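Novice: build me a model:
(one chain, ligands or ions: 1)
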Amino acid sequence: MNLTTLRVSHMDSPLGIDTPPYFSWIIQSGERGVFQASYRLVVSLDGESVWDSGTENSSQSIFVPYDGPELKSRERYLWTVYVTDNHGNTASASSRFETAFMSADEWKAGWVVSPFPFEEREKDWGNQPPATMFRKGFALKGAVSSARLYFTCHGIYRLTVNGKRPDDREFAPEFTSYDHYLCYQTYDVTGLLVPGENALGAYVGDGWYCGPMTVRDFIDDPPHAVLFQLEVTYADGSAETVCSDESVLTARGPVLFSDFFAGEKYDANLEQTGWDKAGYSCPGWENAQIGEFGYGNLVAQIGQPVRPAAALPAVRVYTSPKGESIVDFGENLAGRVRMKIDAPKGAVITLDHFEAPDKEGNYFNNIYIPVNGAVCEQRVYYISNGRPSEYEPLFTYHGFRYVRVTGLDAVRAEDFTAVALSTDNRSAGTFGCSDARLNRLYENIRRTQRSNMISIPTDCPQREKAGWTGDAHAYAATSMMNEDMTSFYTRWLRNLALEQAEDGRVPLTIPYPKYYKISEIGNMLYQKEQGIPDAAGFSDAAVIMPYTMYEITGNTLILREQYQSMKRWCDYVIVKSAKRGSESLPEEIERYLWNTGFHYGDWMIPGFLKTGYGAENLSRVRATSLYTAPVFGWYSLTLTAKAAALLGNEEDAAYYGGMAENTKQAFASGIIDKDGNMPMDLQSAYILPLYFGLVPEEHKEHFADKLVSLIRLNGNCLDTGFFSTPLLLDTLCAIGREDMAYELLYREDCPSWLYQLRHDATTIWESWHCYGDDGTPLAMSMNHYAFGSVGSWMFRYITGIEYLEPGYKRFKIHPRPDATLINAKRTFMCEYGQIACGWERGDGVFKMEVTVPCNTSANVILPDGSSYDVGSGQYSFECADNSLLK
Ligand code: BGC
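Specialist: Alright, predicted model coming up:
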């Protein structure tokens, strides 16, 4: 037995944490049926034990909270875990973590601000102010044995120490609710410092902090500012601190403007070579000003940074019918273009990024961002200095597969590379099967996830880049089966709780920046209410996300942490439900149905959008909130009751459980009619109640028949939105129609998943209709993850891996393929280690290999119905395959 993958708060040896950590480890063993019988954790500092858990006779090896005395700031702790397994084997392993500032008053550095006069950022797109260079030169008296740099800014920064970047992260300090929560990053810069003169450089662009779409509030547009503290320990044991202060110098460099939406303008003639190295004379630089922003919102970053995730060489260059030079990177992505340029001095090269050409093959902008009525282009400008150079924008990213290039005499594919960016969440799974179309669908799901997990879960990379709550929870389960999302979602949920209003409302996007505050107008129009807008199926992310995390990773700590936020959301739902929304129902029923306020309904139901996205069509989608709102109200109450029970709060469990039961009764008598019909003849109207168990026994058969007939009536196609699509195939399976689930999965006409492939989709679309009937692309995003939620079903049915207990402590492997699939394989890194399943069939025999990680057990069910309970280890199974679905 040995112990691997020691993690602290889901990170590998983190350098700067500022909250008490939790620990996890993975047990590996050559033996079968291995369980952890006991563990002991010891945390020590400089050889002295700080906390000793003592021997715990427990199989818990994930999310084990630190329970010792308060940790000290800026210390390097060692932690050791000792494990004994059920066979009496023992093993131990150690790792480290470092604390950053455990309290805000340990910041000695001062905020420093750009002295350049304020410039209006909203004038129009592509006219934002230049980025700011901040530089500090400093001397070190001797050899350095260790150095940590704590850094943050208002804007986004690119950091160098003596001209070298300490890592390849992008867009620090991340997108958060800045007035409550501004991350700082910790860097080990030991190897970058030298005795004598040194220089620290930070180039700061607008990023989320200052951009018109994402700026926090209606306050004055904020100037760029930085805060840093460098803690140096010399080889002789003495220490020194170098801080941001009034000695920091500032200048404007080659980035003439930068914006996450409009792009970047870069004038290579304004480059200042050596500006971030020792000895630079700083001609014309100005002193930074002192800023008074305080330290109260500073939080050590948890989770992975945004990084380059892939480099994709251009696959072709073509000339469009309009004569445009268009570079095609072969797949849709979020990122930017790196290009080699050899153009005359002063030549202006522009790159217009776009997702799909129009039906003739010309440039097509599918973004409409109505800030000040202007339409935004994803445009990058580069002004040549006449020397051969390589350029990749610093402070922007785009959603695109193609770029239109102007200003170059010859556009050559070999000069262009697309750099995909993503938060570097660890990949947690693989999937493949004998149907190439499903493999492409899976790759599109992964690519869409990669494109949209950029600091926060975003809706799309090319248009809004916003943390829409409804999209996030619709896709949450699949996302966690693809990547380790724990610290990413933990940070986002902490911000969600901070954005939550006094009365429990949760805004539609997290963070909730100014642009979406403007959209409160929409809310007020519909809801006739002031204040932040919330909506059923969106704001419920406050409950659904932590609960889904608990189910997939066994993370009880997130439930504990988010519990008050979950409760507050439910309390708000209870109040909203109690308001009179319909006079046609008796008060005692109506009071439990959430039927007041503004909602999006089952967003993106295709049947209503065939003729476009006009207000009338959208309002028909919204009208489905007649049933989506009460269902989501019930769901939030139910999950919160379950969380209360798990956390040992019986009183809350009874209260929210009771309210959920009242809602269920009210739904049965107030929404479902006496003949078992829903008020709207829509697939989702039948899917949601069936899936959630809200259908009274006597109507279940009718509901099932109704769902099947609605699908048949729709030409055997789905007609589902963001909230019913993730449940569609599961619901069909639950009513015994696996055949229909596979039929829908394999459909290739619109709307269907594989229809997207017929349009050469390389990412999942926002809408089932991204093209008009004549082949014209519509102004919709082609990189939206919500409909990728089918991934979860594919993993659970085709390769059969499904948790039975949270975190896959116990799980089943029960592939339920249809007759056309010949083989499939899946790996999934659950919290305990890697689960694997690979099966193939031929000559009437079904063969399967499975891997069950230590400290878990599995129930393996073969297609012939035979069932085996196994502990950890690798196993081979075989059965006749004549019982497979036909
Ligand atoms: C976003 C969606 C989101 C919706 C809410 C859109 O603009 O892209 O995915 O759920 O707004 O209406």
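Novice: run a quick neighbour tally on Lys610.
Specialist: Look at Lys610: counted by other CB atoms under 10 Å, it has 13 neighbours. Backbone N, C-alpha and C define where each C-beta goes, glycine included.
Novice: nope, Arg816 is what I meant
Specialist: Arg816 has 17 nearby residues by other CB under 10 Å.
Novice: cool, and Arg737?
Specialist: Neighbours of Arg737 (other CB under 10 Å): 18.
Novice: surely it touches Val708?
Specialist: Yes - using CB atoms under 8 Å, Arg737 is in contact with Val708, at 6.3 Å.
Novice: now do the same for stretch 242-260: mean pLDDT, whole number.
Specialist: In this model, stretch 242-260 carries a mean pLDDT of 96.
Novice: quick one: terminal-to-terminal distance for it?
Specialist: 32 Å (CA to CA, to the nearest Å).
Novice: same check on stretch 534-541?
Specialist: First-to-last distance for stretch 534-541 - CA to CA - comes to 11 Å.
Novice: for the residue sitting nearest the centre point of the chain, name its beta-bridge partners.
Specialist: Nearest to the mean C-alpha position of the chain, by CA atoms, centre = their mean, lies Pro457 at 3.1 Å. Under the criterion DSSP bridges, Pro457 forms beta bridges with Met453.
Novice: in contact with it, which residues?
Specialist: By CB atoms under 8 Å, 6 or more residues apart in numbering, the residues touching Pro457 are 467, 471-472, 475, 479, 488-489, 492.
Novice: make a ChimeraX selection of the buried ones in these.
Specialist: Applying 16 or more other CB atoms under 10 Å to these leaves a buried subset, and the ChimeraX line that selects it is:
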select :467,471,472,475,479,488,489,492
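Novice: adding distance to Arg135, pLDDT and secondary structure, write the contacts of Pro457 out as JSON lines.
Specialist: Formatted as JSON lines, these follow (distance: CB to CB, whole Å; pLDDT from 0 to 100; DSSP: H, G, I helix; E, B strand; the rest coil):
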{"residue": "Gly467", "distance to Arg135": "33", "pLDDT": "96", "secondary structure": "coil"}
{"residue": "Asp471", "distance to Arg135": "40", "pLDDT": "98", "secondary structure": "helix"}
{"residue": "Ala472", "distance to Arg135": "39", "pLDDT": "98", "secondary structure": "helix"}
{"residue": "Tyr475", "distance to Arg135": "42", "pLDDT": "98", "secondary structure": "helix"}
{"residue": "Ser479", "distance to Arg135": "40", "pLDDT": "98", "secondary structure": "helix"}
{"residue": "Phe488", "distance to Arg135": "32", "pLDDT": "98", "secondary structure": "helix"}
{"residue": "Tyr489", "distance to Arg135": "36", "pLDDT": "98", "secondary structure": "helix"}
{"residue": "Trp492", "distance to Arg135": "33", "pLDDT": "98", "secondary structure": "helix"}
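Novice: what distance do you get for whichever residue of the chain sits closest to the ligand to Arg447?
Specialist: Of all residues in the chain, Asp459 sits closest to the ligand, at 3.7 Å by CB to the nearest ligand atom. Distance, Asp459 to Arg447, by CB to CB, to the nearest Å: 16 Å.
Novice: using CSV, lay out the contacts of Pro457 together with distance to Phe632.
Specialist: Output for the contacts of Pro457, formatted as CSV (distance: CB to CB, whole Å):
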residue, distance to Phe632
Gly467, 18
Asp471, 14
Ala472, 14
Tyr475, 16
Ser479, 19
Phe488, 24
Tyr489, 19
Trp492, 19
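Novice: can you lay out the contacts of Pro457 as a markdown table showing distance to the ligand?
Specialist: Shown next, in a markdown table, are the contacts of Pro457 (distance: CB to the nearest ligand atom, whole Å):
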| residue | distance to the ligand |
| --- | --- |
| Gly467 | 10 |
| Asp471 | 5 |
| Ala472 | 9 |
| Tyr475 | 10 |
| Ser479 | 15 |
| Phe488 | 18 |
| Tyr489 | 17 |
| Trp492 | 16 |
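Novice: and stretch 862-880, end to end?
Specialist: 9 Å.
Novice: actually, stretch 28-45.
Specialist: Span of stretch 28-45 from end to end, CA to CA: 28 Å.
Novice: run a quick neighbour tally on Gln665.
Specialist: Around Gln665 there are 15 residues (other CB under 10 Å).
Novice: what does Leu727 show for phi and psi?
Specialist: phi -100, psi -10 (degrees, to the nearest 10).
Novice: tally up the residues packed near it, please.
Specialist: Around Leu727 there are 20 residues (other CB under 10 Å).
Novice: flag the shaky bits of the protein, pLDDT-wise.
Specialist: 118-125, 218-221, 368-374, 519-530, 882-886 (pLDDT under 70).
Novice: among Asp459 and Arg447, which residue is more densely surrounded?
Specialist: Shown here are Asp459 and Arg447; by other CB under 10 Å, Arg447 has more neighbours (25 against 22).
Novice: for the more buried one, pull up the helix or strand it's in.
Specialist: helix 436-452 (DSSP states H and E).
Novice: ditto for Gln756
Specialist: Assigned by DSSP H and E, Gln756 falls in helix 753-758.
Novice: residue contacts, the residue in the chain sticking out farthest from the centre?
Specialist: Distance from the C-alpha centroid of the chain peaks at Asp236, with 44.7 Å (CA atoms, centre = their mean). Contact analysis of Asp236 by CB under 8 Å, 6+ apart lists Gly142.
Novice: that one - that's part of a helix, no?
Specialist: No - counting by DSSP: H, G, I helix; E, B strand; the rest coil, Asp236 falls outside a helix, being coil.
Novice: quick check on it: phi, psi?
Specialist: The phi/psi pair for Asp236 (degrees, to the nearest 10) is phi -80, psi 10.
Novice: what about it, distance to Pro195?
Specialist: 12 Å.
Novice: please identify every residue contacting each of the two.
Specialist: Here Asp236 and Pro195 have Gly142 as joint contacts, going by CB under 8 Å, 6+ apart.
Novice: and stretch 871-884, how far out from the chain middle?
Specialist: In terms of CA atoms, centre = their mean, to the nearest Å, the centre of stretch 871-884 is found 35 Å from the chain centre.
Novice: how about the helix holding Gln756: buried residues?
Specialist: So for helix 753-758, counting by 16+ other CB under 10 Å, buried means 753-757.
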